[in-house]
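Novice: no sequence for this one, just the structure:
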């Protein structure tokens, strides 16, 4: 497996939106990705293979806390450690910047993501009842998780 890793830019928005649509019932638009990739508070990394985005992760870092906004991996490339590598690299960058805490929310029924986040040291903080509705007959809770980076 040979791929390159780099920060994504607004020019990568179409590829990010297409990849996001493969994994989410309520995917972000190209315009949403372009705006995030241009935002100085956003920190993103993507893995590219033959010029195609195969995985990416996006944090928003404000006032000493960073929130994981979204992470996506091409379905054919899941369970290969791509998202893990991105999250580890971004966590190290955020810690070096002095970010104190990382937060995220994840659908209660997304066992793979919950396992990944727990294995990276995130712990459950709470829930938002019935938060996720897109593509579901019955709403699913959002599990709130966080990880301390300092001290």
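Specialist: That came through fine. Please read these numbers as outputs of a predicted model, since none were measured by experiment. Residues are numbered from 1 along each chain as shown.

Novice: elements contacting the helix ranked longest in the chain?
Specialist: Determined from DSSP state H, the single longest helix within the chain is helix 82-97. Applying 3 or more C-beta pairs under 8 Å, 6 or more residues apart in numbering; DSSP states H and E, one finds that helix 82-97 contacts strand 4-6, strand 42-49, strand 52-62, strand 65-73, helix 111-119. Quick note: C-beta positions are derived from backbone N, CA and C, even for glycine.

Novice: I'd like the next helix or strand past it.
Specialist: Once helix 82-97 ends, the next helix or strand along the chain (criterion: DSSP states H and E) is strand 101-107.

Novice: in its sheet, what does that next one sit against?
Specialist: Using DSSP bridges, strand 101-107 pairs in its sheet with strand 65-73 (parallel), strand 140-148 (antiparallel).

Novice: Of all the helices and strands packed on helix 82-97, which one is nearest residue 148?
Specialist: Set against residue 148 and scored by C-beta to C-beta, these come closest in strand 65-73, at 10.4 Å.

Novice: Which positions within stretch 101-119 qualify as buried?
Specialist: Neighbour-count burial for stretch 101-119 flags 102-108, 113-114, 116-117 (criterion: 16 or more other C-beta atoms under 10 Å).

Novice: let me fix that: stretch 86-102
Specialist: 86-87, 90-91, 93-94, 99, 102.

Novice: Could you do stretch 28-40 as well?
Specialist: Result for stretch 28-40 [16+ other C-beta under 10 Å]: buried residues 28, 30, 32-34, 36-37.

Novice: picking that back up, now for the helices and strands packed on helix 82-97, which one comes closest to residue 140?
Specialist: Nearest of those (C-beta to C-beta): helix 111-119, 11.8 Å.

Novice: quick one: average confidence on that closest one?
Specialist: Averaging pLDDT along helix 111-119 gives 95.

Novice: and what of stretch 42-61?
Specialist: Rounded mean pLDDT across stretch 42-61 is 95.

Novice: Can you name the residues in contact with that stretch?
Specialist: For stretch 42-61, contacts defined as C-beta atoms under 8 Å, 6 or more residues apart in numbering pick out 1-8, 12, 15-16, 19, 36-37, 39, 41, 66-74, 77, 82-83, 85-87, 89-90, 93-94, 97, 99, 102.
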